[in-house]
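In: sequence-free structure coming up:
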């Protein structure tokens with residue numbers, strides 16, 4: 001498969017992966033001197049939620065490693081079609097975000113679990129996992145969570161090619177084929193094929209891969 005773009009253009013190839021449950025354990029031991037990962041995160045979600053006020057204790061517990069923090073909010077709107085229509089918006093906090101000193105790690109303590117993100121440069125799973133484990137144990141001990149309903153991983157690779165023609169198969173072992181019948185205008189802007197993979201023997205285990213090709217001017 002060949003991706004073509006205009007002369008003197010570079011190709012920005014973004015790959016987003018999602019995995020759940022058992023796929024977290026199937027990480028590769030291969031490391032790269034210049035990792036293409038721009039973000040890697042793991043989220044753990046619980047069946048039950050706790051009041052947002054119970055998350056405030058994290059401010060002091062993680063302050064040494066995550067000195068900057070802020071709240072995240074979600075908004076819900078309602079519109080009533082009556083003789084005199086009315087509209088209302090309700091805004092409420094649902095998580096606290098904490099940033100490491102170099103702002104490469106972002107920890108979110110939510111009312112229904114945690115999310116830990118690592119921004120570029122990504123180091124290794126062996127360095128990421130102990131941090132995740134420590135924060136999850138802290139969350140469990142303070143929030144007293146019950147059933148875990150979801151464990152998910154997401155990571156984004158971004159590859160830059162200083163070329164007007166790139167043979168993707170030289171770089172990716174697993175990739176979708178983009179038909180030559182697709183108009184060149186679509187292939188030269190963005191295209192999102194997906195591959196879904198089911199893992200037998202593990203209920204709820206699946207993988208999802210999305211690839212976006214975005215040419216841009218160098």
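Out: Cool, got the structure. What you see is a predicted model; the values in this text were computed from it and never measured.
In: now for residue 144, how many residues are close by?
Out: Residues lying near residue 144 (other Cβ atoms under 10 Å) number 9. Using the backbone N, CA and C atoms, a C-beta is placed for each residue, glycine as well.
In: now residue 147
Out: Residues near residue 147, counting by other Cβ under 10 Å: 7.
In: hang on, it packs against residue 47?
Out: Yes. Contact criterion Cβ atoms under 8 Å: residue 147 and residue 47 qualify, at 4.2 Å.
In: can you classify residue 53 by secondary structure?
Out: helix (DSSP: H, G, I helix; E, B strand; the rest coil).
In: I'd like to know how many residues surround it.
Out: Neighbours of residue 53 using other Cβ under 10 Å come to 9.
In: distance of it relative to residue 94?
Out: Per Cβ to Cβ, to the nearest Å, residue 53 is found 12 Å from residue 94.
In: mean confidence for stretch 126-144?
Out: For stretch 126-144, the mean per-residue pLDDT is 92.
In: can you list contacts of it?
Out: 40, 42, 44, 50, 54-55, 57-58, 61-62, 105, 107, 109, 113-114, 116, 118, 122, 145 (Cβ atoms under 8 Å, 6 or more residues apart in numbering).
In: and these, which are buried?
Out: Among the contacts of stretch 126-144, those classed as buried by 16 or more other Cβ atoms under 10 Å are 40, 42, 44, 50, 55, 58, 61-62, 105, 107, 109, 113-114, 116, 118, 122, 145.
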